[in-house]
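Engineer: Kindly return the folded structure for what I paste below:
(one chain, ligands or ions: 1)
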Amino acid sequence: MNSTVDTKRIQALDSAHFLHPFTDFKDLNSRGARVITKAQDVYVWDSEGKKILDGMSGLWCVNVGYGRKELADAAHRQMLELPYYNSFFQTTNVPAAQLAARLASLAPKVGDRSFDHVFYSSSGSESNDSNVRMVRRYWDLLGQPQRKVIIGRVNGYHGSTMAGASLGGMGGMHAQGDLPIPNITHIEQPYYFEKRLPGESESDFGVRAAGWLEAKILEMGADKVAAFIAEPVQGAGGVIIPPDTYWPEIQRIVDKYGILLISDEVICAFGRLGHWFAYEKFGYKPDLITFAKAVTSGYIPLGGVMVGNRVAKVLIEQGGEFNHGYTYSGHPVACAVAMANLDIMERENLVGRVRDDIGPYLARRFEEIAAHPLVGSTQTCGFVAGLVLVKDKASGERFDPDLAVGMMCRAHCFGNGLIMRAVGDRMIIAPPLTMTHAQIDELIGLIQKCLDLTLAETIAKGLRV
Ligand code: PMP
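Structural biologist: Sure, this is the predicted structure:
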């Protein structure tokens, strides 16, 4: 029991005053929020003293794990030196300039597709709003203002602001607030388990799924399309990992029509897939990269857009003022924490560790779960993994979504000291990149246990035999 926190009192304040993101307020108030009070390494604790293995790195962000004093020290030092100054008045600050150069140095150099510039924000959503502004400005400057259409994907997630939610393809979000905004449209996602034709191989499916982009470009008019935006691996959509054939075909199509490619790496960058930037893994070359979350391991908000040379050159050489920016663009404290975070990642070789050690180990152990009677298939990529819960293993028949079997499983996970996220009938993890083999074993054991409990509950409720 954490004696300093009165759980009931905090819950009462919370339900009286705090409207949580993506939450049914009434439902939460009827039960009370779990109060998380501290964290260390890969674990968090609630106010009742319960220790929970964080299989989600917070919200896909705490890549270096919890309790890093070094990051607190960097923030403390910078707050005393220069806690804030803006970058609007032809001014800069030391950490913002240093971090921009460092981020540029982390991206591979490939001509026009090299990244020498960064535009800062404080979140993934803001960064994608910046992308929309920047992409349209780019085509305006090139004398093609009719190129306004940006194509995203169904079940993609690009944030929760008006532009972010529009670029994303979440039906529930579009239904609230008249979204998407004009000139944003979507193609289907490359979800093999759901979208394959009978007998279709994964590689054939990948090429066919990429072909949906070409069809959409032709439908909209090739001269009207400005950009395509996608996550390398769809995270919030349920860890949807595309077949290997998907991205090369997407690259061929965007090149053919000259449209810009935006890689939204808010989840996938900074080691999550075993590379600094995730496009390296799939071998494509974006023009813009959205980043946020793990650039500071979530210790302080920071986001931005890596602006490739194709776009930067036009904005710099042909542009006048770009009428866009945020109070916190290049926030010195956030940038100082990011520098210290990158120091840790480099010193502990977290990127290489995911690629060569814990990534393959997680893949091997997670695959064992595929044998479970409740599991239709499992996938891993770097240090993210997902599985789909099925009603009938032999046929792959899925549960009625109204039964919310994923939420049932998530509740068993919470109850047994594991944070595993449910997205419909998919269960997903993205643990801190510092996880040891023993902790991965612990994670797999907990997942197996919670699947057993979920199976027993579905049988007891007559949802399957
Ligand atoms: N893009 C992607 C791919 C994301 O996963 C997220 C957040 N989960 C966002 C954008 C939005 O980031 P934020 O919540 O920081 O605005």
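Engineer: any idea where the helices of the stretch 351-465 of the chain begin and end?
Structural biologist: Assigned by DSSP state H, counting those that start in this stretch, the helices in the stretch 351-465 of the chain fall at 359-368, 405-415, 437-460.
Engineer: relative to helix 437-460, how tilted is the second one?
Structural biologist: Meaning helix 405-415. Taking axes from the mean of the first three to the mean of the last three CA atoms, to 10 degrees, one finds that helix 405-415 is oriented at 130 degrees with respect to helix 437-460.
Engineer: And for the first one?
Structural biologist: For helix 359-368 against helix 437-460, the angle between stretch directions is 20 degrees (the same axes, to 10 degrees).
Engineer: other SSEs contacting helix 359-368?
Structural biologist: Applying 3 or more CB pairs under 8 Å, 6 or more residues apart in numbering; DSSP states H and E, we find helix 359-368 packed against strand 375-381, strand 384-392, helix 437-460. C-betas here are computed from N, CA, C, even on glycine.
Engineer: do the same with the longest one
Structural biologist: With contacts taken as 3+ CB pairs under 8 Å, 6+ apart, helix 437-460 sits against strand 51-54, helix 359-368, helix 405-415, strand 418-419, strand 426-429.
Engineer: Just give the number of residues close to whichever residue of the stretch 101-250 of the chain sits closest to the ligand.
Structural biologist: Going by CB to the nearest ligand atom, the ligand is nearest to Gly124 of the stretch 101-250 of the chain, at 2.3 Å. A count of nearby residues for Gly124, using other CB atoms under 10 Å, gives 27.
Engineer: Compare the helices of the stretch 351-465 of the chain and give me the one nearest the ligand.
Structural biologist: helix 405-415 (17.1 Å).
Engineer: now the closest one, how far from the chain's geometric center?
Structural biologist: Distance, stretch centre to chain centre, for helix 405-415: 22 Å (CA atoms, centre = their mean, to the nearest Å).
Engineer: Need the contact partners of it.
Structural biologist: With contact meaning CB atoms under 8 Å, 6 or more residues apart in numbering, helix 405-415 is reached by 34, 52, 55, 389, 399, 419-427, 446-447, 450-451, 453-454, 457-458, 463.
Engineer: give the contact list for the residue in the stretch 301-450 of the chain positioned nearest to the ligand.
Structural biologist: At 6.0 Å from the ligand, Gly303 is the closest residue in the stretch 301-450 of the chain, using CB to the nearest ligand atom. Residues near Gly303 by CB under 8 Å, 6+ apart: 120-124, 126-127, 266, 290-293, 295.
Engineer: Kindly recompute the last result at 10 Å.
Structural biologist: Applying CB atoms under 10 Å, 6 or more residues apart in numbering, one finds that Gly303 lies in contact with 119-128, 130, 159, 266, 290-293, 295-296, 326, 328-329, 334.
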